[in-house]
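Colleague: 3D, please:
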Amino acid sequence: MAYDNQNIFAKILREEIPCIKVYEDELTLAFMDIMPQADGHTLVIPKVEAETLFELPATHYEACFTTMQKVGNALKKAFSTEGIMMFQLSGSDAGQTVPHLHFHLVPTSIHTLRTRKHAAEMADQAVLQGFAERIIAALD
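Modeller: I've put the predicted structure just below:
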């Protein structure tokens, strides 16, 4: 299947659509999920055309995982938790809703698991901006 360069994440990468950025480097972008499953839900995407993990060039794996580690550690600090639920859905049959590879980082605890349904409800942008500021402040 050919990559759809009109998907929302491709448009975010081209800065045609805004996002609430948390972290960016040459190969990756991390930003707030606008339909979060929990407070602080952050997405990490590669800056390369890849619909699923299986299309990601090997040269981008390290960058994605380094960014997930950096942002995940900031989430732990910002939300006072040791638990970060990380997941990646590859393909619509698996529940992927945007055809651009993305990794979910959700601060939570198994004892207080407070997640909402995936991609169910838009969050207040001002609230998301406040969460982003907490995460940015916690970045090492």
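Colleague: can we go C-alpha only for contacts and neighbour counts from here?
Modeller: OK.
Colleague: let me know the pLDDT of the residue nearest to residue 12 when sequence neighbours are not counted.
Modeller: Distance criterion C-alpha to C-alpha, 6 or more residues apart in numbering; nearest residue to residue 12, sequence neighbours excluded, is residue 18 at 6.1 Å. Residue 18 is assigned 97 on the pLDDT scale.
Colleague: what does residue 9 give?
Modeller: 98.
Colleague: hmm, it is touching residue 100, no?
Modeller: Yes - counting by C-alpha atoms under 8 Å, residue 100 is a contact partner of residue 9 at 6.4 Å.
Colleague: show me where this structure has its helices.
Modeller: Along the chain, counting by DSSP state H, helices occupy 8-13, 58-78, 125-138.
Colleague: pLDDT below threshold where in the chain?
Modeller: In the predicted model of the chain, residues 1, 109-120 satisfy pLDDT under 70.
Colleague: specify the beta-bridge partners of the most centrally placed residue in it.
Modeller: When C-alpha atoms, centre = their mean is applied to the chain, the residue found nearest the centroid is residue 43 (0.4 Å). According to DSSP bridges, the partner residues bridging residue 43 are residue 31, residue 104.
Colleague: so how far is residue 86 from it?
Modeller: Residue 43 is 10 Å from residue 86, where distance means C-alpha to C-alpha, to the nearest Å.
Colleague: shared neighbours of those two, anything?
Modeller: Both residue 43 and residue 86 are in contact with 103-105, where contact means C-alpha atoms under 8 Å, 6 or more residues apart in numbering.
Colleague: that's all I had, so thanks and see you.
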